[in-house]
Each structure stands twice: as structure tokens, then as C-alpha cells.
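In: Fold the stuff below for me.
(one chain, ligands or ions: 1)
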Amino acid sequence: YVKAVWKMPPRLPPLPALRDFIHLYKLRAKKILSQNFLMDMNITRKIVRAAGVRDGDWVCEVGPGPGGITRGILEAGASRVDVIEIDHRFIPALQHLSEAAEGRLHIHRADVLKTCVGEVWRENGFPSASHWLDDRAPPAHVIGNLPFNIASPLIIKYLREMSNRAGPWTCGRVPLTLTFQLEVARRLCSPIDNESRSRISIMAQMYTDPRLVFSEGISAATIIPGACFVPPPKVDVGVVRFVPRAVPAASSPFEVVEKLVRQVFHYRQKYVLKGLKTLYPEEIAEDRAHELLREVRVSPSTTSIRLGVEEYAAMAASARPLPITLDSLASLPNAVPAPYAYAHCSIMPSEGMRLRD
Ligand code: SAM
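Out: Next up, the predicted model:
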């Protein structure tokens, strides 16, 4: 009796080990750019599995560096991988990988903060965009292990794009998997009334269902120890997978939600009333903030971390601006977001006109 063992066909021909690859292409991590490479292929494969990459999927990887995660994605059978890398030193190593991947890997030397992944996919004929409300996500993913100082602005850019169904989210509810400094990863997923709840928790949970991956409830299992990176960062790392919500909690413009949440968390130790008052000109701030809280049935003496995303969404929807006149425009503090004011403005602002104009 011989037990038949079915083996997956190799998805990549043999390549030099990652460590040798780095020596071959003389790739030294630049501390100043917070570059830390993931050298353990077991971990890179685990990230790719957690992201849910399957045979035939399209993947955009942001900040591939020497390509550890990229290898994992190609091994998982992705049919098209677009990598966006800002540092030219990594391009020859990525080209080596691209030759091995026989046409599946496409390299873009660009800044991820200025690149529209959706455009790259559409220009190349993304095959299977799905309807936003479909239960099944489209067969596409955005994945990245970026420097921490890029990951935070990037998640805000991506949440804004999700809320507008722009960028990669023109193709449907594409899941996003990114690494963060563990503390930030925990904040992103932080539940109501938790000390680590912050502005970023509300924004992430307003538009997505963020989950710390590898998490089976044991905190040690949710992290990648800093020692798995070369050079090791001073902090541990958490991987968060964001699945866009079919129906985001908020229907107000992203800028309004962001501004309101920012103001409330600016005074996180104080009552929500204090943050809300800063949205209005001083002479009417007290009345308007009380009125708003009454409308959404939120106690003025609750604090930022005790409110759920639905309550923030309701506050954003009720935060009606003042009837706008030229006088009131002049007196508005910068706290009121311009697009919101414009949306309710009876005067059409001319091109380039700023709120203060
Ligand atoms: N993903 C690789 C890994 O896990 O080993 C490299 C990780 S390293 C922390 C971050 C990578 O992102 C570097 O290769 C860096 O050059 C790249 N990067 C940093 N800022 C970027 C940006 N704005 N756009 C594109 N790539 C960026």
C-alpha cells in the first residue's frame, strides 16, 4: 500500500535564499528610512496566507524591499503581482524575481502615497471586479510591510478611498493587509471603552472590519517579534487585515467624519462636549454642541472612548453647518471642513477658492 501524496507544482523556480539575495545585491537596510526586512519565509508565507491570497488572485504589494513577502505571494499562485517600491536599490533584485516569476511580477518604482493601485489594475484589464455588496470579495488584495511612518498616513488614504469606492476599491471590497507597530495595530482594532481606543480605531472601524491576524485570542500569537526583522526594530509588529464594510457606519463625507472624530479625540480625557464645541464659532458653540448631542441621544458627559462608531457616524450626520453667508464664512474657524461648508453653500466657490477667501 503506497500512500499517494499530492504535491503542489512549484510556483517559483529555485532562487537564492533571501539572506544570500540581500548579499548578492548588496542591499543594506537604511535606518534613516526605517527599513526592516522580513527574512523568515515562514512568516512571510504566514502573512500571505492570512491575507487570503489564492491561486489566480491579483495582488498589489506596497514596499516590497528585497521581496520576502513578494516571494510568498508568488508561491501562493497569484496570477498578477504589482509591487510599488520607492527605493531604486531594490529594483535589480525585484527584476531577478520578476524573471523567475515568468511575467507575473510587475515592478513600479513609485511612492505608494502618490500611486493609484486601482488605475494600475484597470489599465491592465482587471478581470473580475465585483459589486460592492457582493458577499464574496473580489480576487484581489493589497498587502504591505511598510515603514511605520508611512503605514499610518497610508491607512488614512486607503480608508478615504474605500469610503469613496475609489483606488483599488473601484474593483469591489478588496481586503487590505498591512503591518504596523504593535501598539498601533492594537489601537486600530481596539473595542469600545478600551484605553487604547483612539481616532484611528474609530476611522478604521467606521469603514472596515479590522482584525489582528494570527490572533486566536492569545496576545503572543498576534505579533511578529522584532527579532524576525533585519535589522530588528525596537518594537514588535502586528499584522492587521481590513475587510471593507459592505455598508460603512458613516454616510457623511469622509472629511466631516475625520474632522469630528479628530476634534473629539483631541480632548480624549475630557467630555465629548468639549471637542464638539470646537467645531463651531465661539458664540454659538455651546448651544450647537448641546443640540447635536441631544439629537443623537449622547450624554454630553461621556468620553471619546466610550462611544461606538455608530454614535460617531450619527454625530457626523447631525453636525449640520450653519446657514452660510459671507459673514459666517469669515467667522468660521478652520475647524469646519471646507468640503462640508461648500456642500451646503449657496454661493458656488470659484476654482481655487479657499474657505477663508
Ligand atoms: N516588505 C519588505 C519586507 O517585509 O522585508 C520591506 C520592508 S521595509 C520595512 C519597507 C519598504 O518600503 C522598503 O523597501 C522601503 O524602501 C519601501 N518604502 C518606504 N516608503 C515607501 C513609499 N512611500 N512608497 C513605496 N515604497 C516605500
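In: Which residue is the nearest non-sequential neighbour of S198?
Out: R187 (5.0 Å; CB to CB, 6 or more residues apart in numbering). Where you see a C-beta, it was placed from the backbone N, CA and C, and this is true even at glycine.
In: Kindly report the same for L27.
Out: P66 (5.3 Å).
In: what helix or strand is the one you found on?
Out: For P66, there is no helix or strand it lies in under DSSP states H and E.
In: can you give me the mean pLDDT across the longest helix along the chain?
Out: Scanning the chain for the helix with the most residues, using DSSP state H, yields helix 148-163. Helix 148-163 shows a mean pLDDT of 94.
In: The very next helix or strand once past it vs the ligand: in contact?
Out: Downstream of helix 148-163, the next assigned helix or strand under DSSP H and E is strand 176-181. No - judged by CB under 6 Å from any ligand atom, strand 176-181 and the ligand are separated, with a smallest distance of 7.6 Å.
In: May I have the strands that pair with strand 176-181, each with its orientation?
Out: Strand pairing for strand 176-181, determined by DSSP bridges: strand 140-144 (parallel), strand 237-244 (antiparallel).
In: In contact with the residue nearest to Y280 when sequence neighbours are not counted, which residues?
Out: Leaving out its chain neighbours, the residue that sits closest to Y280 by CB to CB, 6+ apart is R288, at 4.6 Å. Counting by CB atoms under 8 Å, 6 or more residues apart in numbering, R288 makes contact with K277, L279, Y280.
In: among those residues, which are in helices?
Out: Mapping the contacts of R288 onto helices (DSSP H) picks out K277.
In: Which member of the contacts of R288 is positioned nearest the ligand?
Out: Closest to the ligand out of the contacts of R288 is L279 (32.2 Å), distances taken as CB to the nearest ligand atom.
In: how about the helices in the chain?
Out: 18-24, 41-51, 68-75, 91-100, 117-123, 148-163, 182-188, 199-207, 254-266, 272-277, 282-295, 309-318, 326-331, 338-343.
In: Looking at the ones you listed, spot the one closest to H141.
Out: helix 41-51 (5.3 Å; CB to CB).
In: Any residue of the closest one touching the ligand?
Out: No - shown here: helix 41-51 not in contact with the ligand (CB under 6 Å from any ligand atom), separated by at least 6.9 Å.
In: Which strands or helices does that helix pack on?
Out: If you count contacts as 3 or more CB pairs under 8 Å, 6 or more residues apart in numbering; DSSP states H and E, helix 41-51 packs onto helix 68-75, strand 140-144, strand 176-181, strand 237-244.
In: wait, which of those is closest to Y25?
Out: Here helix 68-75 is closest among the helices and strands packed on helix 41-51 (CB to CB), at 13.2 Å.
In: Can you list the low-confidence ranges for this structure?
Out: 1-10, 32-33, 215-222, 320-357 (pLDDT under 70).
In: near the ligand, which residues of it?
Out: Contact residues, the chain versus the ligand (CB under 6 Å from any ligand atom): 33, 35-38, 62-65, 68-69, 84-87, 90, 111-113, 145-147, 150.
In: Which residue is the nearest non-sequential neighbour of A316?
Out: Here the residue nearest A316, using CB to CB, 6+ apart, is S252, at 4.1 Å.
In: What residues does that neighbour make contact with?
Out: A313, A316, A317, A319 are the contacts of S252 under CB under 8 Å, 6+ apart.
In: Now render these as JSON lines, adding neighbour count.
Out: Listed next are the contacts of S252 as JSON lines, based on neighbours: other CB atoms under 10 Å:
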{"residue": "A313", "neighbour count": "21"}
{"residue": "A316", "neighbour count": "25"}
{"residue": "A317", "neighbour count": "16"}
{"residue": "A319", "neighbour count": "24"}
